[in-house]
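Participant: here is my input, please return the structure:
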Amino acid sequence: MPSIYERALGEDYQYLHPKIQRKFALSSGQAVASRAEGVMNEIWGGRFWMRPFLHFGGMKHLTFSERGQNIPFSLENYAYMNSFGQDCMSWIRRFHFKQIRHFDATMVYSEKQKKVIDYLGSDQDLVTKLDIDVLSNGGIKLVSGPLFINREQKILKLPSLFSAKATAKEWFNDEQNRYHIEVDVKNRYFGTIFGYKGTFTVQYYDFNGNLPSEVKPRKEKPLNLL
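Facilitator: Okay, here's the model as predicted:
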């Protein structure tokens, strides 16, 4: 079964670097997970008055208020079938400050939209569509669309004043034998909310269908965007 990213990119998937192809090829039929470990060289952004809101978002694994340099980082990706029968990929990001902070998501492919849909946070409170492209160096670029509040039976578009656009670039450096990542989350009026860049390595392992409880969101919601 092709992964959700292979389905979104179609024929362009073949132009990704082989290491990026491998990382984004996980699907629920494989029962294989990946774990990335590395260092964020820098984590930046967020004006001082944003910090209370960022701290509140941290409670739902949506944002975090800490900033710094050389912050240890880990990422776990599990491809699995959720309770609604949708093939999806978990993104469990951990930033190791004095306390571990999360920036988590679950991604699903929409046949209707022909795009990957990104559910954000531990309760899938926010949702957005992703535009995915191949970079000239064989990396992958993911850009979010408008943010929506995700309710059980309704999707409500956030006003642009409170919304944000995320751009993530990931590529592999053959000389360093490491993955690189850059992420920037911006509000059109207030600038960067947070961003980070760093490098990491990846290992793959079988999880034999035994999905750790923390991988699934606390409140799982069906794909019903637009």
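Participant: drop to CA atoms for contacts and neighbour counts, all remaining ones
Facilitator: OK.
Participant: show me which strand runs longest in this structure.
Facilitator: Counting residues, the longest strand found in the chain (DSSP state E) is strand 191-206.
Participant: so what strands line up beside that strand?
Facilitator: strand 32-44 (antiparallel), strand 178-187 (antiparallel) (DSSP bridges).
Participant: name the helix or strand of the chain that has the lowest mean pLDDT.
Facilitator: Comparing helices and strands within the chain by mean pLDDT, DSSP states H and E singles out helix 51-58 as the least confident, with a mean of 80.
Participant: buried residues, that helix. List them.
Facilitator: 51, 54-55, 57-58 (16 or more other C-alpha atoms under 10 Å).
Participant: so how far is it from its chain's centroid?
Facilitator: Distance of helix 51-58 from its chain centroid, counting by C-alpha atoms, centre = their mean, to the nearest Å, is 19 Å.
Participant: with stretch 138-158 instead?
Facilitator: Centre-to-centre, stretch 138-158 and its host chain are 11 Å apart (C-alpha atoms, centre = their mean).
Participant: likewise stretch 44-55?
Facilitator: Worked out by C-alpha atoms, centre = their mean, stretch 44-55 lies 20 Å from the chain centre.
Participant: could you work out the end-to-end span of that stretch for me?
Facilitator: Using C-alpha to C-alpha, to the nearest Å, one end of stretch 44-55 lies 15 Å from the other.
Participant: got a list of contacts for that stretch?
Facilitator: 63-65, 67-68, 192-196 (C-alpha atoms under 8 Å, 6 or more residues apart in numbering).
Participant: ok, 6 Å please
Facilitator: 63-65, 67, 192-195 (C-alpha atoms under 6 Å, 6 or more residues apart in numbering).
Participant: please pick the buried ones from these.
Facilitator: 63-65, 192-195.
Participant: now do stretch 186-198, average pLDDT.
Facilitator: The average of the pLDDT scores along stretch 186-198 is 92.
Participant: point out where this structure drops to low pLDDT.
Facilitator: For the chain, the stretches with pLDDT under 70 are 152-153, 221-226.
Participant: all helices of it, in order?
Facilitator: With helices called from DSSP state H, the chain shows them at 4-9, 18-23, 51-58.
Participant: contacts for the first one next, please.
Facilitator: This means helix 4-9. 13, 109, 115.
Participant: was I right about the second one contacting residue 116?
Facilitator: Yes: with contact defined as C-alpha atoms under 6 Å, residue 109 reaches residue 116; the gap is 4.4 Å.
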